[in-house]
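S.K.: Starting from these lines, generate the structure:
(2 chains)
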Amino acid sequence: MTERKTKLIDERGLRLDGRRPDELRPIRIELGYLKHADGSVLYEQGKCKILAAVFGPSEVHPKHIELPDRAILRVRYHMAPFSVEERKSPAPSRREIELSMVIRNALEPIVMTELFPRTVVAIFIEVLQADGGTRVAGLSAATLALADAGIPLRGLVAGCAAGKAGGTLILDLNDTEDKEGEADLPVAYIPTMNKISLLQMDGMMTREEFKQAVSMAINGNMKIYALQVASLKSKYTPPEGQEGGEDQ
Amino acid sequence: MSVTRERPVISKILSKELMDLLKQDKRVDGRSLHEYRKIECETGILEKAEGSALVSIGDTKVLVGTKIELGTPFPDTPDQGVLTVNAELLPLASPSFEPGPPDERSISLARYVDRSIRESKAIDLESLVLQGGKLVYVIYIDVYVLDYSGNLTDTSVLAATKALENTKLRKYELEGDLPVFKGEVVPLVLKEFPVSTTFGTFGDKYIIDPNLEEEHASEGFISFTYTIDGKVCAVMKNGQGHLSHSQVFEMLEIGWEKAKEIARIVGWRE
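M.R.: Residues are numbered from 1 along each chain as shown, chains lettered A, B, ... in the order given. I've put the predicted structure just below:
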């Protein structure tokens, strides 16, 4: 879109931040970051800082939207006004409304909503600092917050984008690569089911590149999934010698 | 805030019939799994709009009108015209549509049409500047859903591109700082013709161009928009279902074969 001021891939094939094309940004996960939410996480991926919190299952307001055979999910993806270069109005933008929907759609397959009819599980994703790939990072975070809240899940959703910048297929785009690159392809994957639950793309790619990029994103998601599992295990595995007895 | 909606109520008998047919690779309306409904297209049907198109795919009807005004560019793209897409799911199109501000369905439809046109670079936005940073042409694309019988995405992308194709641009010239219209009207030049194809998925089965009943019974949807030479410029998965990557790759290729057919029907390919 904009004129290319920066060279996205250098002579050695490395990216602006020194990463290889298929390298993720460093990820830091802090479960139970908030006191009052039933489940929460502070999730950092490179310069992205995302807070996710889950409440519920709880009573539905207004009552008429509850469903007799399942819990409903209520998802809000929201960016803080100070999360981007130029202040963003706190009112939900069209982009945030769309992303709230695609994130909800990506989470629906894993939440065992049938166990809690006539209730709501509320999932809040606050982007505190954005640097590309926030919808998928938000999704990885929301999944962890759901698990931290003790909501029964069929699996975990891991989210990661792939794309194309400077003519090269790359993993986990940062903001510059997203804006100045040729294509952005966010993918969410449920490794235990081998299924894609979010897939979007904008930009320009050949069909062959598209397939390669999807595979690259899935590989990235497998690595994120391993980190998600490790963080949950380290918080919830009882110390040696104390069998069971886990009560959150 | 996005909230789980109740799945549309379709008769259990119909839903069962649909699934039983699908097991034999058949569909309720007699189509094969990868067959579109009839596509029809009328353009230039409105006088007040700069461009217009009425496109139907089966019983789904979408009217698109374009308007062009002068305005200020966005601060981050001072040397580009502005493209704005809005979609209205009119209450007269379906009992499930309600009047009111755009909801997540109409917003995601509008944003998909926007991405298809913008990312394919159908419009050369840089040619739509009168005075850099100050005065540019603003193209409004309004997608008006008149009759909803499934597959709004493909119908809307097609109608929007068709409407742009017959859009007339009133050329303004600058006299000092003032834009003046001296009577020159030129066609808006399109550099690309994006075509969208949409699939509905049922477990490991998928069908192209779902009609209303199929859309209600589908677990998920995926749309691909292609350029005329077969590149992909927009993709969107919709609905609660999930897909395997091999399914996605198969649909990507079938979609391209169908996109070529659609482009032929509307005169963008030999």
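
S.K.: Low-confidence regions, chain A specifically.
M.R.: A:1-5, A:241-248 (pLDDT under 70).

S.K.: Now do the helices in it.
M.R.: Shown for chain A, the helices assigned by DSSP state H span residues A:94-107, A:134-148, A:175-180, A:207-236.

S.K.: If you count neighbours, what's buried in the longest one?
M.R.: With burial defined by 16 or more other CB atoms under 10 Å in any protein chain shown, the residues of helix A:207-236 counted as buried are A:207, A:209-211, A:213-214, A:216-218, A:220-221, A:223-225, A:227-228, A:231-232. In short, each C-beta sits where N, CA and C put it, glycine included.

S.K.: With stretch A:92-102 instead?
M.R.: Applying 16+ other CB under 10 Å to stretch A:92-102 flags A:94, A:96-102 as buried.

S.K.: TSV for the residues you listed, including distance to chain B?
M.R.: Listed next are those as TSV, based on distance: CB to the nearest CB, whole Å:
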residue	distance to chain B
A:94	5
A:96	10
A:97	5
A:98	5
A:99	9
A:100	4
A:101	4
A:102	8
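
S.K.: Is it possible to get these out as JSON lines so that each row also shows distance to residue A:42?
M.R.: Shown next, in JSON lines, are the buried residues of stretch A:92-102 (distance: CB to CB, whole Å):
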{"residue": "A:94", "distance to residue A:42": "27"}
{"residue": "A:96", "distance to residue A:42": "20"}
{"residue": "A:97", "distance to residue A:42": "25"}
{"residue": "A:98", "distance to residue A:42": "25"}
{"residue": "A:99", "distance to residue A:42": "20"}
{"residue": "A:100", "distance to residue A:42": "20"}
{"residue": "A:101", "distance to residue A:42": "24"}
{"residue": "A:102", "distance to residue A:42": "23"}
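
S.K.: Which single one of these is nearest to residue B:32?
M.R.: residue A:102 (30.2 Å; CB to CB).

S.K.: Compute the number of surrounding residues for the closest residue to residue A:72 other than its chain neighbours.
M.R.: The shortest distance from residue A:72 to any non-neighbouring residue, by CB to CB, 6 or more residues apart in numbering or on different chains, is to residue B:4 (3.9 Å). Neighbourhood size, residue B:4 [other CB atoms under 10 Å in any protein chain shown]: 23.

S.K.: Give me the local confidence score for residue B:4.
M.R.: Looking at residue B:4, its pLDDT stands at 90.

S.K.: which residues does it contact?
M.R.: Residue B:4 is in contact with A:67, A:70, A:72-74, A:104, A:108, A:113, counting by CB atoms under 8 Å, 6 or more residues apart in numbering or on different chains.

S.K.: Of these, which is the most crowded?
M.R.: residue A:104 (26 neighbours).

S.K.: For that residue, which non-adjacent residue is closest in space?
M.R.: Per CB to CB, 6+ apart, closest to residue A:104 is residue A:75, 4.0 Å.

S.K.: What's the end-to-end length of stretch B:95-112?
M.R.: 23 Å (CA to CA, to the nearest Å).

S.K.: Which parts of the chain are strands?
M.R.: Reading this off chain A. Secondary structure of chain A (DSSP state E): strands at A:27-31, A:39-45, A:48-59, A:72-79, A:119-129, A:158-165, A:168-171, A:183-190, A:195-205.

S.K.: Wait, chain B was what I had in mind.
M.R.: In chain B, the strands defined using DSSP E lie at B:2-3, B:39-43, B:51-57, B:60-71, B:82-89, B:129-131, B:135-147, B:168-175, B:178-187, B:195-202, B:205-208, B:220-226, B:232-238.

S.K.: Around residue B:20, count how many other residues there are.
M.R.: Residues lying near residue B:20 (other CB under 10 Å) number 10.
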